[in-house]
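Asks: here's a sequence, model it:
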Amino acid sequence: TFLQDQAVMRFADSSARTSGLGTAVAEGMVSYLQDTDAVEVYDGSAWVGVGGGFTASTAITATDASWSVPTLADPVVRVTVVGGGGGGGAAGATNDGSTGGSSSFATSAGTATASGGVGGRYASDQSTGRSGTDYLASGNGGEGGKVTGAVPSEAGAGRGGAVSIAYFDLSGISTANVTVGGGGAGGANGSSSGGAGGDGVVVFEYRAG
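Replies: Residues are numbered from 1 along each chain as shown. The predicted structure follows:
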């Protein structure tokens with residue numbers, strides 16, 4: 001066979017592979033897809049995964065104490081956990097934003113957790129409120145409330161929740177306990193209230209079976 005049949009060929013995605021190879025495929029060919037980080041081999045009739053990349057993902061947006069793990073072709077998965085964002089502080093009133101809720105993913109193989117972002121501080125009519133704790137420079141924190149007038153001021157915005165990334169071997173595990181942290185409430189002051197923080201999320205990446 002030709003040397004190309006013995007090399008690992010790299011393509012942007014499966015469509016680029018089809019366009020590049022056409023019908024010039026042979027059993028045993030190996031390719032790498034950049035969009036999914038998947039290594040696949042041609043078995044004589046189709047390209048099939050041989051591990052090394054995730055081909056599917058699920059974004060879990062609601063707390064589920066018994067989340068069903070999908071069918072896996074490879075037991076090793078990647079889990080990204082994001083805590084809820086902190087609420088923005090109010091302007092013109094002494095009302096800080098609330099801290100976002102923490103998120104978690106837990107199985108007998110291990111646990112990954114991420115704390116919620118701290119809420120923004122309030123601002124008086126004569127000053128600018130401070131921002132909440134900076135877990136992320138930008139993220140799902142609520143916007144601070146604003147006051148307009150002779151001396152405009154702006155309250156501090158809450159910050160996005162922390163992010164945790166972990167890899168687990170889920171051999172023999174069919175369920176997981178998932179908690180998704182809600183966004184913190186904004187400090188209340190009528191039209192100058194801070195915005196609510198965004199909810200957290202748990203992203204589950206895997207090779208589909």
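
Asks: name the helix or strand of this protein that has the lowest mean pLDDT.
Replies: strand 146-147 (a mean of 63; mean pLDDT, DSSP states H and E).

Asks: shouldn't residue 30 be in contact with residue 47?
Replies: No: applying C-beta atoms under 8 Å, one finds residue 30 not in contact with residue 47, separated by 9.6 Å. C-beta: built from backbone N, CA, C; applies to glycine.

Asks: so for those two, which residue has more residues nearby?
Replies: Neighbours were counted for residue 30 and for residue 47 using other C-beta atoms under 10 Å; residue 47 has more, 19 against 15.

Asks: what residues are up against the more buried one?
Replies: The neighbours of residue 47, taking C-beta atoms under 8 Å, 6 or more residues apart in numbering as the test, are 14, 17, 31, 40-41.

Asks: check which helix or strand residue 32 maps to.
Replies: strand 30-33 (DSSP states H and E).

Asks: which residues in the protein form helices?
Replies: 14-21 (DSSP state H).

Asks: returning to that earlier point: distance from the strand holding residue 32 to the middle of the chain?
Replies: With C-alpha atoms, centre = their mean, to the nearest Å as the basis, strand 30-33 stands 26 Å off its chain's centre.

Asks: just stretch 200-209 next, same as before
Replies: Using C-alpha atoms, centre = their mean, the offset of stretch 200-209 from its chain centre is 9 Å.

Asks: next, the buried residues of it.
Replies: Going by neighbour count (16 or more other C-beta atoms under 10 Å), the buried part of stretch 200-209 is 200-207.

Asks: model confidence over that stretch, on average?
Replies: For stretch 200-209, mean pLDDT rounds to 89.

Asks: got the end-to-end distance for that stretch?
Replies: 27 Å (C-alpha to C-alpha, to the nearest Å).

Asks: likewise for stretch 68-76?
Replies: 16 Å.
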